[in-house]
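Enquirer: Following is a predicted model, sequence given first.
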Amino acid sequence: MEYTPNTPEREPVPAPPQTQVPPQMPPQQPYGYAPPAAQPPYGYAPNYTAQPPYGYAQQPAAWQPPYPPQSAAAVYYQQTQANAGAPQYHYGPATMPAMNAQYYYQEQQRKQARRARLKEITAAGTALGLIVLASYLVQNAMSIPLLISQKVYELMDHLGFYAGYNIFYSALAIGLVFYIGGKFLRGKKMDTTLLLNKPEGGGYKTLLLVLFGLGGCFAANFATSYLSAFFEMLGFTDQSTSGMMEMLNNAQPWELIVSTVGTALLPPLTEELAMRGIVMQPLRKYGDAFAILASAFCFGLFHGNFTQIPFAFLCGLFLGYAVCATNSLMPSIIIHVGVNLTSCVAEIISYYADEDTGNRVYEIIMYAMMAVGLAALLLYAKRFGLRLKKEEKTAPAPAAPLAYPSAAPLAAYEREEFTLGEKFRSFMKSPAVIIVTVLYLIQAFMQVSYER
């Protein structure tokens, strides 16, 4: 018989009371939060080889020309510009540090080529400034007899002797000096081709340029005459132009012929060969606009007085443009002769009539040519445009080649074009140009008198 203990039955323990938990709201995300995109499972590879449905005809894409290849220097320049001039450094794959070095060395190469180009412009200014300085010294040597001899000085009051002096000055101080200067520049491998050929572009283009140049020169005379009148009102008088009418009234008829040759024929020829030939032509490789500006600056200084310096500078701009547009000196010579000949015609009319009549005839011609020149400018701009040739893309090699095997040479399209101001400043940095500028300005100041 099985034994069963007499154990009293326990009462079931009641469960603890359950508390009611209030429902909680899901967490709120900040404004603008976007859940991350679902990532494909590890090892997933998308199927890019899916075939289009049967009968699908894919349209061929239009052909696009490839971009020009950019070397490391171009990429480096773009990145430094995007980062306010600071270089970009890459840290990642093993090839990136080498690319940083290539950027650096090609950037240094670009800067060397830039400095060499600007130094070349300064050297050209030095060579041309020495020629202009030689002409200045010869001019002052020719005036020594006027200073040491009173009789010779008194002969300058006669129109015939004054005109003969101008002819001799044009032949010696301009023609001979600049001819020798051209030989000197050719020895330095500088282009001094005298463009005495037929103008390019045809007769219609040349005619429009001549009329436009004449109108521009007369407009320059109109503007500078008011400038001179303004300074005369302040009490400043340019002594270099005083006494011309008295000299003209006492002249003989044959002296008028000599004066016309010494003013309207020989000086335009020698000055154009000098300024638009010897001075401007070697500078055209740096851009026609710069060559025109530099030659016009020298042309203005060359006249040596404050009445003619601004007038000659403005005329030099029109004359230089005519030469660059036609690759010939013929249009500038014709314009120069026309402007000087008009002054001689007014002097002859003043001689046989009176000064007021001569001035009135000159003003009529001036206003008429200004109107014709404006019309010619509009016709020329519509037919041929006003663009000039830019700087040549042949920059010199760096003075010290950089020893880096991966730094390829700069391509032609990567070399920068300098601004007109940068090139002109480099031209003016030449010691010879600075000396010539100071000497001619001193000469001009010495001819100015002040009276209250």
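Expert: Here it is on my side, so go on.

Enquirer: For stretch 220-228, list every residue counted as buried.
Expert: Across stretch 220-228, burial judged by 16 or more other CB atoms under 10 Å covers 220-221, 224, 228. In short, each C-beta sits where N, CA and C put it, glycine included.

Enquirer: Check stretch 227-236 too.
Expert: Neighbour counts over stretch 227-236 (16+ other CB under 10 Å) mark S228 as buried.

Enquirer: and what of stretch 265-285?
Expert: Quick answer for stretch 265-285 (16+ other CB under 10 Å): 266-285.

Enquirer: Tabulate the CA atom coordinates of stretch 313-330 in CSV.
Expert: Extracted as CSV, the C-alpha positions of stretch 313-330 are listed here (Å, rounded to 0.1, in the frame of the first residue of the first chain):
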residue,chain,number,x,y,z
PHE,A,313,48.9,110.8,-79.2
LEU,A,314,45.3,110.6,-80.3
CYS,A,315,46.3,110.8,-83.9
GLY,A,316,48.7,108.0,-83.3
LEU,A,317,45.8,105.7,-82.3
PHE,A,318,44.0,106.3,-85.6
LEU,A,319,47.2,106.0,-87.7
GLY,A,320,48.2,102.8,-85.9
TYR,A,321,44.8,101.2,-86.4
ALA,A,322,44.9,102.0,-90.1
VAL,A,323,48.3,100.2,-90.4
CYS,A,324,47.2,97.2,-88.4
ALA,A,325,43.9,96.8,-90.3
THR,A,326,45.6,96.8,-93.7
ASN,A,327,49.2,95.6,-92.9
SER,A,328,50.5,98.6,-94.8
LEU,A,329,51.9,102.0,-94.0
MET,A,330,50.3,103.6,-97.0
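
Enquirer: For D157, see how far away the nearest residue to M280 once chain neighbours are set aside is.
Expert: Of all residues not flanking M280 in the chain, S295 sits nearest, at 3.7 Å (CB to CB, 6 or more residues apart in numbering). From S295 across to D157, the span is 34 Å (CB to CB, to the nearest Å).

Enquirer: the more surrounded of the two?
Expert: S295 (26 against 12; other CB atoms under 10 Å).

Enquirer: That one is in what secondary structure piece?
Expert: Using DSSP states H and E, S295 maps to helix 288-302.

Enquirer: That helix - what's its average pLDDT?
Expert: Taken as a whole, helix 288-302 has a mean pLDDT of 95.

Enquirer: Stretch 241-256 now?
Expert: 79.

Enquirer: ok, now stretch 274-284?
Expert: pLDDT averaged over stretch 274-284 gives 93.

Enquirer: and the helix holding S295, what other elements does it pack with?
Expert: For helix 288-302, the packing partners by 3 or more CB pairs under 8 Å, 6 or more residues apart in numbering; DSSP states H and E come out as helix 96-142, helix 309-326, helix 420-428, helix 431-446.

Enquirer: gap between the residue nearest to F231 when sequence neighbours are not counted and N140?
Expert: Closest residue to F231 apart from its sequence neighbours, by CB to CB, 6+ apart: F306 at 7.8 Å. Separation of F306 from N140 (CB to CB) stands at 18 Å.

Enquirer: Other residues contacting the helix or strand containing A163?
Expert: A163 is part of helix 159-169 when elements are defined by DSSP H and E. With CB atoms under 8 Å, 6 or more residues apart in numbering as the test, helix 159-169 has contacts from 139, 142, 155-156, 247-248, 250-252, 254-256, 258-259, 261-263, 266-267.

Enquirer: among those residues, which ones are buried?
Expert: Buried by 16+ other CB under 10 Å: 139, 155, 247-248, 251, 255-256, 258-259, 261-263, 266-267, out of the contacts of helix 159-169.

Enquirer: Ranking helices and strands of the chain by mean pLDDT, which lands last?
Expert: Scoring the helices and strands of the chain by mean pLDDT, DSSP states H and E places helix 72-82 at the bottom, with a mean of 56.

Enquirer: just to revisit the earlier point, adding mean pLDDT and distance to F236, write the helices and strands packed on helix 288-302 out as JSON lines.
Expert: Converted to JSON lines, those look like this (pLDDT from 0 to 100; distance: least, CB to CB, whole Å):
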{"stretch": "helix 96-142", "mean pLDDT": "83", "distance to F236": "24"}
{"stretch": "helix 309-326", "mean pLDDT": "95", "distance to F236": "14"}
{"stretch": "helix 420-428", "mean pLDDT": "93", "distance to F236": "26"}
{"stretch": "helix 431-446", "mean pLDDT": "94", "distance to F236": "10"}
